[in-house]
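Predicted coordinates and the sequence they were generated for:
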Amino acid sequence: MALAMFLLLGFMAVYPMLTQQFSTAQVRTQYLEEWYRIQWALEGANQKQLQAASTKTEPFSGYTSSTVSFDYPGSFSVKVTILEGRTLLARDRFLNATAVAYRNGVDAGYNLSGFTPLIVSIPGIAAGGLFSFGWKKNGYLFAWGYNGYGQLGLSNTSTTSSPSQVLTGDCPSLVPPFFTKAWNISAGSNHSLATDYSGNVWAWGRNNNGQIGQNPSSMTSSSLPIAVFYSGFQLTGISDIFAGGEFSLALENTTGKVYAWGSNSKGQIGVNSWFGSFYGPNVVRDTTGASNTSLKNIVGIAAGKEHALAIDTAGGIYAWGDNTYGEIGLGNNSNYFYPCKINSGLATAVASITYVPTGTSKSIVNSSGPAVTQFYLPASYTVASFSVTMNISSADTFYTPTIQITKPDSSLTYITPNTFNQTSDPYVWQYQRSTSSIQFDSPGTYTIKVYERLIIFGNLKDLKDHWYQTNTKGVFEFIGSPNLPNGYIGIAAGGYFSSAIASQATQTLLYTWGQNNKGQLGQGDSMDRSTPALIKIFNQFRTVSAGLQHMLALKNDGTVYAWGDNSSGQLGLADQPSPISTWVATNTPVLVKGALVGKNIIGIAAGDTHSMAIDDDGYVYAWGSRSNGQIGDSSFSGIQGYPKQISGFP
């Protein structure tokens, strides 16, 4: 549709020029014929007739630029470039085409890059806490579900179970009183954000912490869209938005700066503080946390309940805010009040048993002869340093000190200490990485033993009786760097967990970390992870969406998978054979069927207890809890256990 309008506007603009410029019918006919050839070339390129095309994909944005030449009789040719965008998180999408015509190899003056195609919204969906949005290609926005704070934008606080058209509020409208310029929508716990065609930001719903950009002392909520202001002017030029629990994020298109406002209870505003609320946008600081700094070159953002993620043009991932369950991804549980880079490659303390000086409680006092000593790794690591604490300064003559590591697959790795503390007892035997690297290459439980190896014959002598222990475990320290991709290409944040997509060769791989009590990490268990862990059995993603405690994934073939909490049927598996059909959590990805079978799904959205999908024709599907009408099928009761089509779309 956008391309058709583009061609029509282009023809209307060029036709008068052609008819006025050339006086003879012969010349006019020639130029009209060439113009039609340009149209054919554009249409042919749009229909993917790109046999001779060269294609370049921008990996971090999902934009693809395709160029092809069409040759016609009379030494006339047309080179067409089509720029298509659909990010891996299915947020910013567009289609644009330009053409340059050549006569005998010389520009024939038909450069159409100056013409601007008609802007048409791409249909989309958004799922909030207990409410939903869907918008059509004409920019009309519809909402349904819980509306206790006016988050549906209907000028009331009445909850509804049927799609209702969002009102314009302060936003200029083509067809008052309705919101008609919906380009991107994000739904939080109880508030909503939108950008229009011009990148202006609008917000409505709950405002107890300033999450819609207003002073909560004078406005606790709004049931109509209102403008978000920054430095006295409406926040504009925004390419992406994200509504979190009770805070909001916006991404500036030209600079890659990130703005945040709302609750800062866990440092989620990213300004190196952890208290209060901010009812106006603040620039998120860089990894130094210093004032007057900002993240740069950011191309994607995501918000959970109380933490935030960002991704830059080089595929670096940044996180800040709540870290109770390790959702920041740095191997600990400390909150971060400004962005920290997850895949920086820096080595940090990963696992250890601490030496306890003599004179402390007898139950933990150091002695030699520990029991089995093990540690668990949630992901693969490169060893930067590994040490054990001994009561002897070195191995015996003709022996080499050796730390034996038994990996999860029962294979053995031997680490040779290369530095020793020989000053006094206790003695630290330490391996420090130089040029070679030792890999702990898979998640799982690792077992440590300390030996000395006979130099000539390789015989091992157990040094257990010389190895200090605390609480029956051998004293050790492991410092390492997680083996993470250098460049990620997409992110998503759930309630208290995180995910990122990485591109590797011909695959797109999913990493997850944070809270995992319902199996929402998809790792086959319910163990929390504080560093990114790869879902090994699953790849080829187009997009992912994270809800409160469940996840959805859209694969390149248009199929949808789900895992995590299923207590409200939000995984959509009720039409499948037992035991999948029970309302229990699933900790590995499962194919979602129902009304999605045979559909080419292009977008997904996960809320607190419900899920949504949209296909390439603009039809919307929903499943999960009906408690507040969030499914949109005119019902407030029961569970919709598998996807069903929602009326009113496309």
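Yes, it's here.

contacting residues around stretch 287-297?
Here stretch 287-297 makes contact (CB atoms under 8 Å, 6 or more residues apart in numbering) with 255-258, 272, 283-286, 310, 312-314, 318, 337-341. Every residue, glycine included, has its C-beta placed from N, CA and C.

Start and end of that stretch, how far apart?
13 Å (CA to CA, to the nearest Å).

right, and residue 568 touches residue 628 too?
No. Residue 568 is beyond contact range of residue 628, at 11.2 Å (criterion: CB atoms under 8 Å).

quick one on the thing from earlier: make a ChimeraX selection of the buried ones in the contacts of stretch 287-297.
Restricted to buried positions by 16 or more other CB atoms under 10 Å, the ChimeraX selection for those reads:
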select :256,257,258,272,283,284,285,286,310,312,313,318,337,338,339,340,341
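
Could you list every helix and strand that the helix or strand where residue 205 lies packs against?
Residue 205 is part of strand 201-206 when elements are defined by DSSP states H and E. On a contact count with 3 or more CB pairs under 8 Å, 6 or more residues apart in numbering; DSSP states H and E, strand 201-206 meets strand 191-195, strand 221-227.

Contacts only, for the residue nearest to residue 480 when sequence neighbours are not counted.
Excluding the flanking residues, the one nearest residue 480 by CB to CB, 6 or more residues apart in numbering is residue 381, at 3.8 Å. By CB under 8 Å, 6+ apart, the contact set of residue 381 is 350, 439-440, 480-483.

Turn the residues you listed into TSV, including pLDDT and neighbour count.
Output for those, formatted as TSV (pLDDT from 0 to 100; neighbours: other CB atoms under 10 Å):
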residue	pLDDT	neighbour count
350	89	26
439	91	13
440	93	24
480	89	24
481	85	18
482	83	25
483	82	19
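
can you put those in CSV and add secondary structure?
As requested, the contacts of residue 381 are exported to CSV (DSSP: H, G, I helix; E, B strand; the rest coil):
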residue, secondary structure
350, strand
439, strand
440, strand
480, strand
481, strand
482, strand
483, coil
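
farthest pair in these?
Farthest apart among those by CB to CB are 350 and 439. That separation is 13.3 Å.

residues making contact with the strand holding residue 205?
Residues from elsewhere that reach strand 201-206, judged by CB under 8 Å, 6+ apart: 149-151, 153, 169-171, 188-196, 211-213, 220-228, 234-236, 238, 241, 246, 248, 250.

Are any of these buried, and if so which?
Buried by 16+ other CB under 10 Å: 149-151, 153, 169, 171, 188-196, 211-213, 221-228, 235-236, 238, 241, 246, 248, 250, out of the contacts of strand 201-206.

coming back round to it: identify whichever of the helices and strands packed on strand 201-206 lies nearest to residue 551.
Using CB to CB as the measure, strand 191-195 is the one of those that comes nearest residue 551, at 21.7 Å.

thought residue 609 was touching residue 130?
Yes. Here residue 609 reaches residue 130: they are 7.1 Å apart, a contact under CB under 8 Å.

Find residues that contact each of the two.
Joint contacts of residue 609 and residue 130 (CB under 8 Å, 6+ apart) are 625, 627, 630.

ok, the second one to residue 157 distance?
Taking CB to CB, to the nearest Å as the criterion, residue 627 is separated from residue 157 by 17 Å.

more crowded one of the two?
With neighbours defined as other CB atoms under 10 Å, residue 627 and residue 157 compare such that residue 627 has more, 19 against 14.

and that one, helix, strand or coil?
coil.

Quick check, it in contact with residue 130.
Yes. Using CB under 8 Å, residue 627 is in contact with residue 130, at 6.9 Å.

Overlap of the contact sets of the two?
Joint contacts of residue 627 and residue 130 (CB under 8 Å, 6+ apart) are residue 609.

Run through this protein and note the low-pLDDT ranges.
Within the chain, the ranges that satisfy pLDDT under 70 run 1-66, 68, 81-98, 110-122, 358-366, 435-436, 505, 578-581.

Wasn't residue 518 part of a strand?
No. Secondary structure of residue 518 (three-state DSSP): coil, not part of a strand.

Could you pull up the residues touching the closest residue to it other than its chain neighbours?
Nearest non-adjacent residue to residue 518, counting by CB to CB, 6+ apart: residue 565, 3.9 Å away. Neighbouring residues of residue 565 by CB under 8 Å, 6+ apart: 518-520, 547-550, 571, 585.

What residues sit buried inside stretch 391-400?
Neighbour-count burial for stretch 391-400 flags 392, 395, 399-400 (criterion: 16+ other CB under 10 Å).

distance between that stretch and the chain's centre?
With CA atoms, centre = their mean, to the nearest Å as the basis, stretch 391-400 stands 51 Å off its chain's centre.

Now do the end-to-end distance for it.
Distance across stretch 391-400, first residue to last, is 16 Å (CA to CA).

Can you pull out the residues in contact with it?
Identification of contacts with stretch 391-400 by CB under 8 Å, 6+ apart yields 368, 401, 416, 420, 422, 425-427, 429, 452-456, 461, 463, 466-468.

so of those residues, which ones are in strands?
368, 401, 420, 427, 429, 452-454, 461, 468 (DSSP state E).

Make JSON lines from those residues and add distance to residue 324 and neighbour count to it.
What follows is those, written out as JSON lines (distance: CB to CB, whole Å; neighbours: other CB atoms under 10 Å):
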{"residue": "368", "distance to residue 324": "37", "neighbour count": "15"}
{"residue": "401", "distance to residue 324": "40", "neighbour count": "22"}
{"residue": "420", "distance to residue 324": "39", "neighbour count": "16"}
{"residue": "427", "distance to residue 324": "38", "neighbour count": "19"}
{"residue": "429", "distance to residue 324": "36", "neighbour count": "28"}
{"residue": "452", "distance to residue 324": "43", "neighbour count": "20"}
{"residue": "453", "distance to residue 324": "44", "neighbour count": "19"}
{"residue": "454", "distance to residue 324": "49", "neighbour count": "15"}
{"residue": "461", "distance to residue 324": "45", "neighbour count": "12"}
{"residue": "468", "distance to residue 324": "33", "neighbour count": "24"}
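
got a markdown table for those, with distance to residue 267 too?
Below are the ones in strands among the contacts of stretch 391-400 laid out as a markdown table (distance: CB to CB, whole Å):
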| residue | distance to residue 267 |
| --- | --- |
| 368 | 43 |
| 401 | 44 |
| 420 | 41 |
| 427 | 41 |
| 429 | 39 |
| 452 | 48 |
| 453 | 48 |
| 454 | 54 |
| 461 | 51 |
| 468 | 38 |
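
Looking at the residues you listed, spot the one nearest residue 138.
Using CB to CB, the ones in strands among the contacts of stretch 391-400 come closest to residue 138 at residue 429, 70.6 Å.
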